[in-house]
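Visitor: Any chance you could fold what I've pasted below:
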Amino acid sequence: MTNPIFVALDTVEPAHARALAEAVAPHVGGLKLGLEFFAANGPDGIRTLADAGLPIFLDLKLHDIPNTVGKAVAALAPLAPAILTVHAVGGRAMLEAARAAAPAATRVVAVTVLTSLDATDLAGIGVAGAPPDQVARLAGLARSAGLDGIVCSGAEVAAARAAWPDGFFVVPGIRPGGTAEADQKRVMTPRDALAAGASVLVIGRPITAAADPAAAARQIAAGLQLDSASA
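Guide: Here you go, the predicted structure:
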């Protein structure tokens, strides 16, 4: 993927999602569709967005017993997502089942610590240590289970890349300078995240909530020295 920018289309409206996709397509590398879109529109909605011609990142964060996750991934396989997420805390057997059921061309990545969480939040659910400690533990688990990479914040991606040089690292919580953090607690600018080792930059509201989403996407891409031919 030459252009690392994946736009998070956090909407339930297919027409709105399609309009955004068409507007930003010349300036981004893919589209991220999550639970709210999938719950409202199902596989047919995903196919509609895939027709826009950009790779699809299906961010469903699957987490269940291995058999259930394996069957869910197999059911999603006809959609041919470029990237698919599962939760690392589901354990080795679940991660292995997901990878085994996914198409070879789909990168299966494990969510480590959500960017909306900090050390206090982790302590509240019984996880000792700071987010980097938990990310390192879960990255090691994902790697040993044969996954392609992980989802982590920009604060952890440099260490993760150093430990897993050929891993694939999805970094959400990307905020260009001067934009609001909203519900994210661990954020980083696009340029800094890419320099730290990110493979994919997930950017939502700084693009989708902008008065001109196409211009916002173009400006972010320009800041990364990307041109429209790399999308």
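
Visitor: low pLDDT regions in the chain?
Guide: Applying pLDDT under 70 to the chain flags the ranges 1, 177-186, 226-231.

Visitor: in it, which residue is closest to the centre?
Guide: residue 170 (5.1 Å; CA atoms, centre = their mean).

Visitor: The longest strand anywhere in the chain pairs with which strands?
Guide: In the chain, with assignment by DSSP state E, the single longest strand is strand 56-62. Applying DSSP bridges, strand 56-62 is found paired with strand 30-34 (parallel), strand 83-87 (parallel).

Visitor: what's the first one in contact with?
Guide: Among residues not part of strand 30-34, those counted as contacts by CB atoms under 8 Å, 6 or more residues apart in numbering are 1, 3, 5-10, 17, 21, 45-46, 49, 52, 54-60, 82-83, 200, 202, 204. For glycine as for every other residue, the C-beta is placed from the backbone atoms N, C-alpha and C.

Visitor: C-alpha coordinates for it, CSV please?
Guide: Extracted C-alpha coordinates of strand 30-34, given in CSV (Å, rounded to 0.1, in the frame of the first residue of the first chain):
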residue,chain,number,x,y,z
GLY,A,30,-8.1,3.1,1.5
LEU,A,31,-11.3,3.2,3.5
LYS,A,32,-11.9,1.9,7.1
LEU,A,33,-15.4,0.7,7.8
GLY,A,34,-16.2,-0.3,11.4
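
Visitor: shift numbering so it begins at 56
Guide: Sure, I'll start numbering at 56, so the last one becomes strand 85-89.

Visitor: how distant is that strand from the center of its chain?
Guide: Relative to the chain's own centre, strand 85-89 is displaced by 8 Å; criterion: CA atoms, centre = their mean, to the nearest Å.

Visitor: Same check on stretch 253-263?
Guide: Centre-to-centre, stretch 253-263 and its host chain are 9 Å apart (CA atoms, centre = their mean).
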